[in-house]
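Visitor: build the 3D model from these lines:
(2 chains)
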Amino acid sequence: MKRRHFVKRTALGSLAGLLGAEIVFGANMPENYDLLGLQDPDPFKLFGKDKEMKVLNSNPWNMEALAHQLDDRVTPNPYIFVRNNGKVPENINEKEWTLTFDGESVKEEKTFTLEELKTKFKQYTYQLTLECGGNGRREFDPPAKGNQWDIGAVFCANWTGVRLGDVLDAVGIKSDAVYIGYHGIDQHLSGDPTKASISRGVPMAKAYQDETLLAFQMNGKDIPLVHGFPLRLVCGGWPASASGKWVNRISVRNKVHDGEKMMGTAYRVPCNPVAPGEKVKDEDMCIIESMPVKSLITYPKTGAQLAEGKKLTIRGHAWAGELEVTKVYYSIDFGVTWSECNLEKPVNRLAWQHFNASIDFPKKGYYEVWARAVDANGDSQPMLVPGWNPKGYLNNACHRIAVKIV
Amino acid sequence: MKKQDEFREKVMAIYKVLIVSCIMVFLIGVLGVIYMVSPNSFSFESNKPTTKMVSVDEEDDWDKIENGIHIRTGLKDAEGLMAVVNNCTNCHSAQLVMENRMNEERWIQTIRWMQETQNLWDLGKNEKIIVDYLVTNYPIINKGRRENLNEIEWYSLDE
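Guide: Reported below is the predicted structural model:
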């Protein structure tokens, strides 16, 4: 972005020099000049994303992966979904970055530089699954408001950072602490500096989990800008909105954090089940915590045509929020019969697990391969879209791919 | 005769200087006009891709419509289009509007929510125009509990 302003200025400068004139026509510049410049026409280049990624919204930028793009065991940046509530910040100076701890339940306010966080605390690396609370929203009927995510707002990357718990201990927390709430520097879409784009958080128990990190690296490199450079709170297994990007302040609260998108219907579902389309009062909505059990077939890509008699190998990932996945099944007859897949253990808690199976098809024709994961509590993915909720969260219905035997 | 020739030559010389001066003034004038109309034609960097965003075409065709689609936003060209463009695409993209399918009641609820929390202004008479445009051009599609897989792109898989 800076480069562009530079080019613009030098172009004006050279013109002015050439003609010995004042840059009076600066005022005649089209009003949308900066807007066009800032809204880079190529979001794929801007964020280093694969061309096949699906753009859901360009302001704010939101894009998701197709199932087959998520085939890697650890998701590389080009296939990681982009979810923004506000504007992606620019011109971040890593060297001057600080993180302040405040709120009712800190013994005293404390600020760390990024360098202090990196050097004063032990670093850890975990593979953590982050899924948007609204992943799968597009299937709800009646439709739910918001970005119409299909299946690709999920990924599992390696995150390196320090434990939030270690840093909280260094700050000193009062016994009445209930919740932490993050604050980032992303600007509200309306441009109003008094409004926060998003400021969510987690209860103290989640904040103190070993895997809850203040991360500065993703997949062994600085976190890409759009994913929260230079510092991101990462709370694996919970709606990805709990993992605040561009974090510069954490409030330790003596009540449930009441920041932007914590209240009302945001990242909440009805405390008691409701009929599709039913109105739900704000006070009857409960905050989403752990995400439900889910799986994704990442190979082959849907639409495969196979010669009769050939075996089909399928593979994919399964995850279950705070829990481990214990079984993954597949069906080629719409759930009449289920067969068990090979399933690997997670590399660490909150990492997605990999499954595979080799499938024989009895005769020619159209098939769908459905996958169904079961978590440690015995809860299974539903084949149908689960309980309707006003904002369309938590759709963990079975993923399926189309296959034709010819 | 010699004197006459000399005089004639002098007059010719002055005449030439005058013509050249006139041409120069004319050329400077032309350059000035070009500069006033399009200042960028003097920029030596205009061929570089980085300055591409100074796009005069887009200025001219800011609200161009092709095949029934408003090019800049992707919205369908129908009654109320410009009210939607002018009121609903300032803070977020039109994609967010198009992918959300709601009835009149829920659109109005959404507008109220944007007014209460997102700094959306009072839409006045445009509110009805906008909501009518949305429910007419982007109606709700009934999906039931699970849709068929559609738009499958078939390909041969050799294992």
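Visitor: do stretch B:112-125 and chain A meet?
Guide: Yes: against chain A, stretch B:112-125 shows contacts by C-beta under 8 Å from any C-beta of the partner chain at B:118-119. The way it works is simple: take the backbone N, C-alpha and C, and place the C-beta from them, glycine included.
Visitor: what's the offset of that stretch from the middle of its chain?
Guide: 26 Å (C-alpha atoms, centre = their mean, to the nearest Å).
Visitor: quick one: buried residues of it?
Guide: Within stretch B:112-125, the residues that count as buried by 16 or more other C-beta atoms under 10 Å in any protein chain shown are B:114, B:119-120, B:123.
Visitor: reformat those as JSON lines; add distance to residue A:241, secondary structure and pLDDT.
Guide: JSON lines is the format used below for the buried residues of stretch B:112-125 (distance: C-beta to C-beta, whole Å; DSSP: H, G, I helix; E, B strand; the rest coil; pLDDT from 0 to 100):
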{"residue": "B:114", "distance to residue A:241": "19", "secondary structure": "helix", "pLDDT": "90"}
{"residue": "B:119", "distance to residue A:241": "21", "secondary structure": "coil", "pLDDT": "87"}
{"residue": "B:120", "distance to residue A:241": "22", "secondary structure": "coil", "pLDDT": "91"}
{"residue": "B:123", "distance to residue A:241": "29", "secondary structure": "coil", "pLDDT": "92"}
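Visitor: would you map the helices across chain B?
Guide: Listed in chain order, the helices of chain B (DSSP state H) span B:2-37, B:56-60, B:81-88, B:94-99, B:104-117, B:126-137.
Visitor: with residue A:139 as the reference, name the closest of those helices.
Guide: helix B:94-99 (13.1 Å; C-beta to C-beta).
Visitor: quick check, nearest of the buried residues of stretch B:112-125 to residue A:346?
Guide: Nearest to residue A:346, judged by C-beta to C-beta, of the buried residues of stretch B:112-125 is residue B:114 at 40.9 Å.
Visitor: what sits against the closest residue in space to that closest one that isn't next to it in sequence?
Guide: Nearest non-adjacent residue to residue B:114, counting by C-beta to C-beta, 6 or more residues apart in numbering or on different chains: residue B:120, 3.8 Å away. Residue B:120 sits next to B:87, B:91, B:111, B:114 when contact means C-beta atoms under 8 Å, 6 or more residues apart in numbering or on different chains.
Visitor: residues near the second one, how many?
Guide: Pointing back at residue B:91 there. Other residues lying near residue B:91 total 18 when counted by other C-beta atoms under 10 Å in any protein chain shown.
Visitor: surely it is in contact with residue A:190?
Guide: Yes: at 5.4 Å, residue B:91 and residue A:190 qualify as touching, with contact defined as C-beta atoms under 8 Å.
Visitor: and for these two, which residues touch both?
Guide: Shared contacts of residue B:91 and residue A:190, defined by C-beta under 8 Å, 6+ apart, comprise B:118-119.
Visitor: who's in contact with the closest residue in space to residue A:108 that isn't next to it in sequence?
Guide: Nearest residue to residue A:108, sequence neighbours excluded (C-beta to C-beta, 6+ apart): residue A:172, at 6.9 Å. Residues in contact with residue A:172 (C-beta under 8 Å, 6+ apart) are A:106-108, A:110.
Visitor: per-residue pLDDT of residue A:172, please?
Guide: pLDDT for residue A:172: 97.
Visitor: roughly how far apart are the closest residue to residue A:383 other than its chain neighbours and residue B:146?
Guide: Closest residue to residue A:383 apart from its sequence neighbours, by C-beta to C-beta, 6+ apart: residue A:398 at 5.1 Å. Noted for residue A:398: a distance of 9 Å to residue B:146, by C-beta to C-beta, to the nearest Å.
Visitor: quickly list what's touching both of those two.
Guide: residue A:383.
Visitor: give me the more crowded residue out of the two.
Guide: residue A:398 (23 against 15).
Visitor: wait, the more buried one sits on residue A:385?
Guide: No: using C-beta under 8 Å, residue A:398 makes no contact with residue A:385, being 10.1 Å away.
Visitor: tell me, how many residues neighbour the residue nearest to residue A:294 when sequence neighbours are not counted?
Guide: Of all residues not flanking residue A:294 in the chain, residue A:396 sits nearest, at 4.2 Å (C-beta to C-beta, 6+ apart). Using other C-beta under 10 Å, residue A:396 is surrounded by 23 other residues.
Visitor: what of residue A:94?
Guide: Around residue A:94 there are 12 residues (other C-beta under 10 Å).
Visitor: same check on residue A:380?
Guide: Residue A:380, neighbours per other C-beta under 10 Å, totals 17.
Visitor: phi, psi of it?
Guide: For residue A:380, the backbone dihedrals (degrees, to the nearest 10) come out as phi -120, psi 160.
Visitor: list the contacts for it?
Guide: So residue A:380 contacts A:293, A:372-374 (C-beta under 8 Å, 6+ apart).
Visitor: tell me the one among these nearest to chain B.
Guide: residue A:372 (13.6 Å; C-beta to the nearest C-beta).
Visitor: tell me which residues touch the closest one, please.
Guide: Under the criterion of C-beta under 8 Å, 6+ apart, the neighbours of residue A:372 are A:295, A:328-331, A:338, A:380-381, A:383, A:398.
Visitor: let's see which of these end up in strands.
Guide: Counted as lying in strands by DSSP state E, out of the contacts of residue A:372, are A:295, A:328-331.
Visitor: nearest residue to residue 154 other than its sequence neighbours?
Guide: Because you didn't say which chain, this covers chain A. Nearest residue to residue A:154, sequence neighbours excluded (C-beta to C-beta, 6+ apart): residue A:131, at 3.9 Å.
Visitor: can you look at chain B instead?
Guide: In this structure, residue B:154 finds its nearest non-sequential neighbour in residue A:303, 4.9 Å apart by C-beta to C-beta, 6+ apart.
Visitor: worst-scoring helix or strand of the chain, pLDDT-wise?
Guide: With no chain named, the answer covers chain A. Scoring the helices and strands of chain A by mean pLDDT, DSSP states H and E places helix A:33-38 at the bottom, with a mean of 36.
Visitor: try again with chain B
Guide: The helix or strand of chain B with the poorest confidence is helix B:56-60; it has a mean of 50 (mean pLDDT, DSSP H and E).
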